[in-house]
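Student: Whatever this is, show me its structure:
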Amino acid sequence: MNILRMALLSVALTLGTSFAPVAFAQQPGAQKSLYDRLGGVKGITVVVDDFINRLVANNELNKNPAIVMAKEFKKSLDKFKVPAAEQKELFDIVGTTKADIVVRK
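Tutor: I've put the predicted structure just below:
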């Protein structure tokens, strides 16, 4: 389970930092990166830990893991009051990786 936790945290950190251009971050008054708006390492870790616990307790994962995981992740984001705009941005980023991680058998 620690491997899964580290993998998810790594993905979250990579997404948060890779979509925040350096020039954008240096502009005065510019909006913070998604990584910063999610609370950095601490904020992301809290949500990922909650999400992992939800997955471990969910017996329906074998039926349709992608849908169940998305719903459980949304519940974790809601639990920690992550604003809707940040949730949408995060799901949009994750959605761009769908072709790389979802494979039909």
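Student: Only C-alpha atoms from now on, for both contacts and neighbour counts.
Tutor: Fine.
Student: Run a quick check on residue 54 versus residue 74, I expect a contact.
Tutor: No: shown here, residue 54 and residue 74 do not form a contact pair, counting by C-alpha atoms under 8 Å, at 10.9 Å.
Student: what about this protein, any weak spots by pLDDT?
Tutor: Scanning the chain for pLDDT under 70 picks out 1-28, 102-105.
Student: What segments of it are strands?
Tutor: Under the criterion DSSP state E, the chain carries no strands.
Student: Do you have the helices of it handy? List them.
Tutor: Remark: helices assigned in the chain by DSSP state H are 2-18, 22-26, 34-37, 40-57, 65-79, 84-95, 98-101.
Student: tell me which residues of the third one are tucked away?
Tutor: Under the neighbour-count criterion of 16 or more other C-alpha atoms under 10 Å, helix 34-37 has 34-35 buried.
Student: Take it, keep the C-alpha atoms, and write them as PDB.
Tutor: Extracted in PDB, the C-alpha atoms of helix 34-37 (Å, rounded to 0.1, in the frame of the first residue of the first chain):
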ATOM      1  CA  LEU A  34      -2.300  24.400  -8.700                       C
ATOM      2  CA  TYR A  35       0.300  22.700  -6.500                       C
ATOM      3  CA  ASP A  36       0.400  25.800  -4.200                       C
ATOM      4  CA  ARG A  37      -3.400  26.200  -4.300                       C
END
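Student: Could you single out the most deeply buried of the helices of the chain?
Tutor: Looking across the helices of the chain with neighbours counted as mean count of other C-alpha atoms under 10 Å, the highest average goes to helix 34-37: a mean of 18.
Student: just checking, what packs against that helix?
Tutor: With contacts defined as 3 or more C-alpha pairs under 8 Å, 6 or more residues apart in numbering; DSSP states H and E, the packing partners of helix 34-37 are helix 2-18, helix 84-95.
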